[in-house]
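[1] The following block contains a protein sequence and its predicted model.
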Amino acid sequence: MLDLGAYTTALEYACDISAIIMGKPSKEYFSAAIESMNLKPEEVVMVGDDIISDIGGAQKNSNIYLFFILFVKKPLILNIY
C-alpha cells in the first residue's frame, strides 16, 4: 500500500512543481486557513479536541480565540457522597 508521500512525489513529477507540505499544528496551515476566509486572526475561533495540533497550532497564531473540548472515550464513574 502506498502512503501519501508516494502520491505527492508522483503529482510533483507529473505537474513539474514542488509541493508545499503543511498541516496542523504549523503556523502556515492556520495562516492559510484564515487568509482563505478573508478574515483577521482576531475574528477567528478555533474549536478543537486535540491539545497539541488544534489548540497548540492555534496558539502559534496570535489573537485566535481558543476553545478546547475534552472528549472522554471511557465512561467516567464519579463517586459523590
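    Sure, I can see it.
[2] Give me the residues contacting the longest helix seen in the chain.
    Among the segments of the chain that qualify as a helix by DSSP state H, the longest is helix 4-15. For helix 4-15, contacts defined as Cβ atoms under 8 Å, 6 or more residues apart in numbering pick out 18-19, 21. (Each C-beta comes from the backbone N, C-alpha and C, glycine too.)
[3] for this protein, which residue is closest to the average position?
    By Cα atoms, centre = their mean, the mean C-alpha position of the chain lies nearest to Lys24, the distance being 3.3 Å.
[4] Can you give me the distance of the spatially closest residue to that residue that is not a sequence neighbour to Ala32?
    Closest residue to Lys24 apart from its sequence neighbours, by Cβ to Cβ, 6 or more residues apart in numbering: Ser53 at 4.0 Å. Taking Cβ to Cβ, to the nearest Å as the measure, Ser53 and Ala32 are separated by 15 Å.
[5] Would you mind telling me which of the two has more residues around it?
    Higher neighbour count among Ser53 and Ala32: Ser53, with 15 against 12, using other Cβ atoms under 10 Å.
[6] which other residues reach the helix or strand of the chain with the lowest mean pLDDT?
    Scoring the helices and strands of the chain by mean pLDDT, DSSP states H and E places strand 65-68 at the bottom, with a mean of 78. Contacts of strand 65-68 with the rest of the structure, by Cβ under 8 Å, 6+ apart, involve 42, 44-49, 51, 54-55, 58-59.
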